[in-house]
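*Asks:* quick check, what structure comes out for this input:
(chains A and B)
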Amino acid sequence: MSFRFAAAIALAAFALPAMAADQVEKAPPSGAYKKVSELVKLPDFLPGLGQLFVDPKTLPAGPFLAYDRDGRLVSTVYMLPVEDLSNKDKRFDDLAAPGGKVDHVDVYFNAGHPGVEKPHAHVVLWHVPKADESRVAAK
Amino acid sequence: MTLTRRHILRIGEGLVLAGLAQPHHPLADEPVEIRMQGNADGSHVWFDPVGLLIQPGRTIRWINLDPGNSHTATAYHPQNFEHPRRIPESARPWNSDYLLPNESFSVTLDVEGIYDFFCVPHEHAGMVGRIIVGHPVSPPADDANASGIPEAARLAFPSVEEIMNRGIVRRM
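*Replies:* Numbering: from 1, shown residues only, chains lettered A, B, ... in the order given. So this is what the prediction gives:
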């Protein structure tokens, strides 16, 4: 009897994170994520990135969840201000990574945009193969 | 269909509607175009041209041709985010607010002098520009009111001499 009870608790413990986790595979993601173009004045679809969603409480770093034109998750993006990266007292710890398996990673400089006005680095965790980056390319 | 928001502001004389031509070689009564541009990954953004010499009464039209970003054309003035004044004292400041791709904003400059402007989200990346109207008699603005301006922006202004000599200054 006690074994069954313990097993049930164990199963529940494994199941709980899945139940509580946000749905992110299809746009719009569940939870606290908001469409970036509704938070700040930016194009709804950014060539090279896609349609972005972010939990405003996590700005500026993110994660930003990026979707293609069919609403499929393609990448998770972190935006890290350059001045913070060169500040020895500043850290970015425990950033959420809800997008699952990562195929490859791009890191590049961005001059800024509404929402993250200062020059920063884009750290892009691609969840799709390199060839599928075209899903968020400019038309 | 592309939506285009159009703003027209006549500095010193209030709001005035004007023609909206898109000239490559503007005639005296046509707006002079300054393009807001950026490269594909957003690592570089700029005004083109970055420096311009015009006569009083000419209209400047900024247009966002960057498909992946929003930009502003904002005068250096305390009314705009408490920035230092870097336009003639008697001129009215302007702020386009964020322009999405293909949106535009126009201002007519009547007061002679030096006008410095910036893009709100990209000032730290050096996205600034300078317009000279007529024949300025005051010293270059960057000598007087440079405090509080990011270094990248301060270094990006073309000199008054360069603008006076060339008329149009491009840096792409």
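
*Asks:* every contact and neighbour count from this point should use C-alpha atoms.
*Replies:* Will do.

*Asks:* next SSE after the helix or strand of chain B with the lowest mean pLDDT?
*Replies:* When the helices and strands of chain B are scored by mean pLDDT, DSSP states H and E, strand B:8-10 comes last with a mean of 50. Of the helices and strands lying after strand B:8-10 in sequence (DSSP states H and E), the nearest is strand B:32-38.

*Asks:* what lines up beside that next one in the sheet?
*Replies:* According to DSSP bridges, strand B:32-38 forms sheet pairs with strand B:45-48 (antiparallel), strand B:58-64 (parallel).

*Asks:* got the contact list for the shortest one?
*Replies:* Defining contact as Cα atoms under 8 Å, 6 or more residues apart in numbering or on different chains, one finds that strand B:45-48 is touched by A:111, B:34-39, B:122, B:125-129, B:170-172.

*Asks:* give me the buried subset of those residues.
*Replies:* Buried members of the contacts of strand B:45-48, counted by 16 or more other Cα atoms under 10 Å in any protein chain shown: A:111, B:34-38, B:122, B:125-129.

*Asks:* what residues does chain A put near chain B?
*Replies:* Proximity of chain A to chain B, by Cα under 8 Å from any Cα of the partner chain, involves residues A:41-43, A:45-48, A:108-114, A:116-119.

*Asks:* so which bits of stretch A:127-135 are buried?
*Replies:* Residues A:127-128, A:133, A:135 are the ones in stretch A:127-135 that count as buried (16+ other Cα under 10 Å).

*Asks:* one step back: buried ones only from the residues of chain A next to chain B, please, as a ChimeraX command.
*Replies:* Buried residues among the residues of chain A next to chain B (16+ other Cα under 10 Å), as a ChimeraX selection:
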select /A:41,42,43,45,46,47,48,109,110,111,112,113,114,116,117,118,119
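
*Asks:* so, low pLDDT: which residues of chain A?
*Replies:* Chain A contains residues with pLDDT under 70 at A:1-20.

*Asks:* chain B now?
*Replies:* Chain B contains residues with pLDDT under 70 at B:1-28, B:137-145.

*Asks:* what does it have sitting close to chain A?
*Replies:* So far as Cα under 8 Å from any Cα goes, chain B lies against chain A at B:40-45, B:67-71, B:98, B:100-101, B:120-122, B:124-125.

*Asks:* tell me if I am right that residue A:132 is in a strand.
*Replies:* No: read with DSSP: H, G, I helix; E, B strand; the rest coil, residue A:132 is helix and lies in no strand.

*Asks:* just give the closest residue to residue B:74, not the sequence neighbours.
*Replies:* Of all residues not flanking residue B:74 in the chain, residue B:95 sits nearest, at 4.3 Å (Cα to Cα, 6 or more residues apart in numbering or on different chains).

*Asks:* so what's the residue count around that neighbour?
*Replies:* Residue B:95 has 20 neighbouring residues, counting by other Cα atoms under 10 Å in any protein chain shown.

*Asks:* do residue B:56 as well
*Replies:* Residue B:56 has 16 neighbouring residues, counting by other Cα under 10 Å.

*Asks:* what helix or strand does the nearest residue to residue A:47 once chain neighbours are set aside sit in?
*Replies:* Leaving aside its sequence neighbours, residue A:47 sits nearest to residue A:138 (Cα to Cα, 6+ apart; 4.6 Å). For residue A:138, there is no helix or strand it lies in under DSSP H and E.

*Asks:* kindly tell me how buried residue A:138 is, as a neighbour count.
*Replies:* Neighbourhood size, residue A:138 [other Cα under 10 Å]: 14.

*Asks:* and if you look at residue A:106?
*Replies:* 10.

*Asks:* from residue A:52, how far out is it?
*Replies:* Taking Cα to Cα, to the nearest Å as the measure, residue A:106 falls 17 Å from residue A:52.

*Asks:* going along the chain, name the helices of the chain.
*Replies:* Because you didn't say which chain, this covers chain A. Under the criterion DSSP state H, helices of chain A are mapped to A:2-20, A:36-39, A:82-85.

*Asks:* meant chain B actually
*Replies:* B:141-144, B:151-154, B:160-166.

*Asks:* okay if I get the ones you listed as TSV plus mean neighbour count and distance to residue B:106?
*Replies:* Below are the helices of chain B laid out as TSV (neighbours: other Cα atoms under 10 Å in any protein chain shown; distance: least, Cα to Cα, whole Å):
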stretch	mean neighbour count	distance to residue B:106
helix B:141-144	14	22
helix B:151-154	17	22
helix B:160-166	15	21
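
*Asks:* out of those helices, nearest to residue B:52?
*Replies:* helix B:160-166 (6.1 Å; Cα to Cα).

*Asks:* return the list of helices and strands in contact with the closest one.
*Replies:* Helix B:160-166 is packed against strand B:51-54, strand B:128-133, with contacts defined by 3 or more Cα pairs under 8 Å, 6 or more residues apart in numbering or on different chains; DSSP states H and E.

*Asks:* out of those, which is the most enclosed?
*Replies:* A comparison of the helices and strands packed on helix B:160-166 by mean neighbour count, using mean count of other Cα atoms under 10 Å in any protein chain shown, puts strand B:128-133 on top with a mean of 25.
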